[in-house]
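*Asks:* quick one, fold the following:
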Amino acid sequence: MKKLSLTFALIFAMMGIVRADEGMWLPMFVERLNYVDMQKMGLQLTPEELYSINNSSLKDAIVGLSSSDKPRGFFCTGEIVSDNSLLFTNHHCGYSSIAALSTVEHDYLNEGFWAKSFSEELPAFGVTASFLVRMEDVTKDILGVISDTMDYMQKAQAIQAKITELEDAASEDGKLNPVIKGFFEGNEYYMFVYKTYTDVRLVGTAPQSIGKFGGDTDNWMWPRHTGDFSIFRVYADENGEPNGYSEDNKPLTPKHHLPISLDGVQPDDFTMIWGFPGSTERYMTSYGINYNVDVFYPVVYEIFKAETDVMDEYMKIDKAVNIAYADNKAGLANTWKNFEGQIKMLRKNKVAERKAELEQQFTEWVNADEARKAEYGDVLGTLEAMYAQMSEIANTLFYPNFVAQLNPIGIFAYRGATPEFMQYYMTMTNKESSKEDKAAAAEALKAVDVDAIFQDLDPRVEKDMMDAVLNIYGKTFATEEMPESLQKLLKTVKGDWSALTNLIYTKSMFCTPESVRAFIEKPNAKKLEKDPAFIMYNAMTEQMYSVAPAYRMAGIAIEEADHLFVKGLREFYAETQPDKVLYPDANSTMRMSYGSVKDYQPADAIHYDYVCTANGILEKYIPGDFEFDAPERLLKLIEAKDFGQYANNDGELIVCFLSTNDITGGNSGSPIMNGKGELIGLAFDGNWEAMSGDVNFEPTLQRTINVDIRYVLFIIDKFAGATNLIDELDIHKAMPEPIRVEEE
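*Replies:* Numbers count the residues shown, from 1 in each chain. I've put the predicted structure just below:
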């Protein structure tokens, strides 16, 4: 009897081992496409409890975070965790707001912040919270306005006009924010209707030595020991409606909030993530992949890495610089390391080669039918040719673009496409300009907010960044390839790019707020013409414009070809693999992914566990280090194993865990939930070995890194003593099951 029981136990255990589940699924289709599979894996909620228009459902606790009151996309995700709209998200998602609220006197980035009451919460201006009201299929409405007689641009214009019409009709006179987006490269369209709240306040954040522990070194890496969370709250007027910041506003009463589970995770436990993934390119061809890996990504990596290296030097030694550049540096560093990882892993995982195999199969399918050949026969050839064209001219576009953004050169791009300084110059040098035109142009300069231009800029940092980037630019182009005006300027410093940087910073009137104000008071077009920063800006724009039209036309051709290729690819799969269910690329709309808790083996003889503990913080800790320092109080709590109710059954504190969920950027801060819809952690990263995952899902390698909710609550409770926040939460913990002894 005992042997038979053991056999069945092994069978059921094997059934519980689930695969990594590819796909970021639209909530309205969960019942039809995913629900049965999710139930088998451990989901205990009904479809109506997941997504409902008429009743409270899980979707009502998921929040898109943006900086706009009418967002069309979201930089991160948050989740509501209390009846007073307490909102959890990642620390790196709240980083910009925390940095903006920080001063040398109140350095919330490095010291943390915990509000003990509603009145102590700080307005996070520039952050908005959007709730999805409903989504609907508008494909027939949108595609009904185009015909085969239209060219691509005519179709695009007709589609955009219809989108605007439908969005306006659904906005309820501006009370709601409807957003229509294309799916499957414009072969389907869906409308998402949001209600957006603009009064969002910072409630709590750990110091970045916890929230960003490991810094850029650990970014995208496992094991990870980062307490990547921050806490906000959504406020509304007395009727629960969106309202700008006001002391009269009250915490929003949400339709749904997520309960929290302290039960922890075990291998193969069901996991579910909801959020707003930003962008994937799973239908990209081998030509697009090779373009990114060989051309686009290396340029961005090189420039951003150079700039952040300079920032790092000064941020480590100057507290004011650290606060001023924290947000900018974090964004650039995250991008360059992401691109570095994609370059390496797209090559290592042979993604382009696998895409080429699919393209060969697609081509054979196309060529087997004359009608298909007539429609799709040229599409891959077009993509190959257009990416080749872009590759030839990309450097001439990208490098000057980055130089043109450097300060003080970038001042000319200040405040939009027609900046006042350039507009002044164009007016003053235009022979047809009247005296009134010239006077108006000079007067318009006075509207320039000089303080805003120089706010949070350190001249040492800016100068060294210019020096680094100009030297990269100088190595990229032969002198004769540069605009004539730049050649003349470079000749004055004998071809020395560092000397050119010094020249700009000693001779340009745009290096200090005082000299800019002096120019505004007495503007002079001839003086402007001689300014080295102005000369550099004109040279860079001249170089960019020499190739911009060709690059843009190639981009349009690629958009059109991608639309046709994906249309054909869906037909190909429908005929050759009818059981294959396709999902659309991420595009910053609400998606759900599901999977399980799972370890992985990144290489031969290397095995990564599915969890990491607080012991890793002690192991990585380096006193005074920019990335691996840690607060003394945290170290003492870990050393004493003073974890309270947040410890696991072995008395250890789990910091992060892995799951097989399919996510990407924008999912940062997303809730990861168990089968009951209880919050068990916050998703915050992917793993290095699967950095190619945005283009091709890697089942054996791809993992989501999640901060365990027990570590989040431990920091709030035991480290910060913010028990007022703990008291707000709906915390669940299963009672231990009684031990049953089988009688002999």
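
*Asks:* residues touching the closest residue to F276 other than its chain neighbours, list them.
*Replies:* For F276, ignoring the flanking residues on the chain, the nearest one in space by C-beta to C-beta, 6 or more residues apart in numbering is F74 at 4.3 Å. Where C-beta positions appear, they are placed from N, C-alpha and C, glycine not excepted. Neighbouring residues of F74 by C-beta atoms under 8 Å, 6 or more residues apart in numbering: 64-66, 130, 276, 278, 588, 666.

*Asks:* over to L50?
*Replies:* 27, 30-31, 57-59, 592, 677.

*Asks:* ditto for V295
*Replies:* 390-391, 394-395.

*Asks:* check R233 too.
*Replies:* R233 neighbours (C-beta under 8 Å, 6+ apart): 84-87, 118, 121, 200-201, 203, 251.

*Asks:* swap the cut-off to 6 Å and go again
*Replies:* By C-beta atoms under 6 Å, 6 or more residues apart in numbering, the contact set of R233 is 85-86, 121, 201, 203, 251.

*Asks:* most neighbours among the residues you listed, which one is it?
*Replies:* Looking at those with neighbours defined as other C-beta atoms under 10 Å, the largest count falls to V203 at 26 neighbours.

*Asks:* on the three-state scheme, that residue is what?
*Replies:* Secondary structure assignment for V203 (DSSP: H, G, I helix; E, B strand; the rest coil): strand.

*Asks:* what's near enough to touch it?
*Replies:* 115, 121, 231-233.

*Asks:* could you dump the contacts of R233 into CSV with pLDDT and distance to A161 added?
*Replies:* What follows is the contacts of R233, written out as CSV (pLDDT from 0 to 100; distance: C-beta to C-beta, whole Å):
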residue, pLDDT, distance to A161
S85, 98, 37
L86, 98, 42
E121, 98, 43
R201, 98, 39
V203, 98, 43
P251, 98, 40
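
*Asks:* can I get the residues you listed in a markdown table with distance to E167?
*Replies:* Putting the contacts of R233 into a markdown table (distance: C-beta to C-beta, whole Å) gives the following:
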| residue | distance to E167 |
| --- | --- |
| S85 | 26 |
| L86 | 31 |
| E121 | 33 |
| R201 | 29 |
| V203 | 33 |
| P251 | 30 |
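
*Asks:* what's the most distant pair in those?
*Replies:* S85 and E121 (11.4 Å; C-beta to C-beta).

*Asks:* quick one: V63 is in a strand?
*Replies:* Yes - assessed by three-state DSSP, V63 belongs to a strand.

*Asks:* verify the stated contact: it with L132.
*Replies:* No - with contact defined as C-beta atoms under 6 Å, V63 does not reach L132; the gap is 9.0 Å.

*Asks:* more neighbours: which of those two?
*Replies:* V63 (33 against 21).

*Asks:* so where's the protein uncertain?
*Replies:* The model of the chain has pLDDT under 70 over residues 1-20, 414-418, 735-744.

*Asks:* tell me how it divides into domains.
*Replies:* Following automatic domain parsing, one gets these domains for the chain: 27-281+585-732, 283-393+548-582, 405-546.

*Asks:* tell me the most buried of the ones you listed?
*Replies:* domain 27-281+585-732 (a mean of 20; mean count of other C-beta atoms under 10 Å).

*Asks:* next one: that one to chain centre, how far?
*Replies:* 11 Å (C-alpha atoms, centre = their mean, to the nearest Å).

*Asks:* secondary structure element for L682?
*Replies:* Using DSSP states H and E, L682 maps to strand 679-686.

*Asks:* what kind of secondary structure is V193 in?
*Replies:* strand.

*Asks:* that one contacts R134, doesn't it?
*Replies:* Yes - between V193 and R134 there is a contact at 5.2 Å, judged by C-beta under 6 Å.

*Asks:* gap between N243 and I98?
*Replies:* 23 Å (C-beta to C-beta, to the nearest Å).

*Asks:* so who does the closest residue to G244 other than its chain neighbours touch?
*Replies:* Among residues not flanking G244 along the chain, T198 sits closest, at 5.6 Å (C-beta to C-beta, 6+ apart). Shown in contact with T198 (C-beta under 6 Å, 6+ apart): 69, 128, 244.
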